[in-house]
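[1] Following is a predicted model, sequence given first.
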Amino acid sequence: QVQLVESGGGLVQPGGSLRLSCAASGFTLDYYAIGWFRQAPGKEREGISCISSDGRTYYAHSVKGRFTISRDNAKNTVYLQMHSLKPEDTAVYYCAAATIPGLGVSLYDYWGQGTQVTVSS
């Protein structure tokens with residue numbers, strides 16, 4: 001069974017950091033692009049970062065310079081390191097797998113259930 005499971009979310013103060021993990025089971029991440037998305041209440045899901053199967057990275061303007069995506073194929077896991085977090089980063093964060101890299105929601109076939117990130121003092 002194909003499954004993606006996110007972890008690492010939580011409550012953090014503005015300016016703080018979190019690292020999200022996306023662990024895959026039932027398939028090998030090596031051949032997939034993995035994207036991170038987020039959805040705030042009342043807003044559409046947006047793509048914020050992606051890493052291709054060969055390690056190319058993509059970032060939305062809103063997170064570039066603050067977030068870093070990486071992958072560890074040996075652990076079948078992708079990470080999103082988030083620094084300088086802002087209240088507007090508050091959202092449910094999802095990871096997803098696709099055969100083609102990009103930040104468009106429609107590219108992705110497999111999705112995790114999400115992890116909540118709340119940035120607040």
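    Cool, the structure landed.

[2] rest of the way, CA atoms for contacts and neighbours
    Fine.

[3] does residue 76 really touch residue 23, like I thought?
    Yes: counting by Cα atoms under 8 Å, residue 76 touches residue 23, with 6.1 Å between them.

[4] So for those two, which sits in the more crowded spot?
    residue 23 (19 against 15; other Cα atoms under 10 Å).

[5] and the nearest residue to that one once chain neighbours are set aside, how many residues sit next to it?
    Of all residues not flanking residue 23 in the chain, residue 77 sits nearest, at 4.5 Å (Cα to Cα, 6 or more residues apart in numbering). Residues within reach of residue 77, counting by other Cα under 10 Å, total 21.

[6] from memory residue 77 sits against residue 20, does it?
    No: using Cα under 8 Å as the test, residue 77 is too far from residue 20 to be in contact (10.2 Å).

[7] Start and end of stretch 29-49, how far apart?
    Length of stretch 29-49, first residue to last, Cα to Cα, to the nearest Å: 16 Å.

[8] That one - what's its average pLDDT?
    When pLDDT is averaged over stretch 29-49, the result is 96.

[9] Check the offset of it from the chain's centre.
    Distance of stretch 29-49 from its chain centroid, counting by Cα atoms, centre = their mean, to the nearest Å, is 6 Å.

[10] Can you list the helices and strands that the helix or strand containing residue 6 packs against?
    Counting by DSSP states H and E, the element that carries residue 6 is strand 3-7. If contacts are counted by 3 or more Cα pairs under 8 Å, 6 or more residues apart in numbering; DSSP states H and E, strand 3-7 sits against strand 18-25, strand 91-98, strand 110-111.
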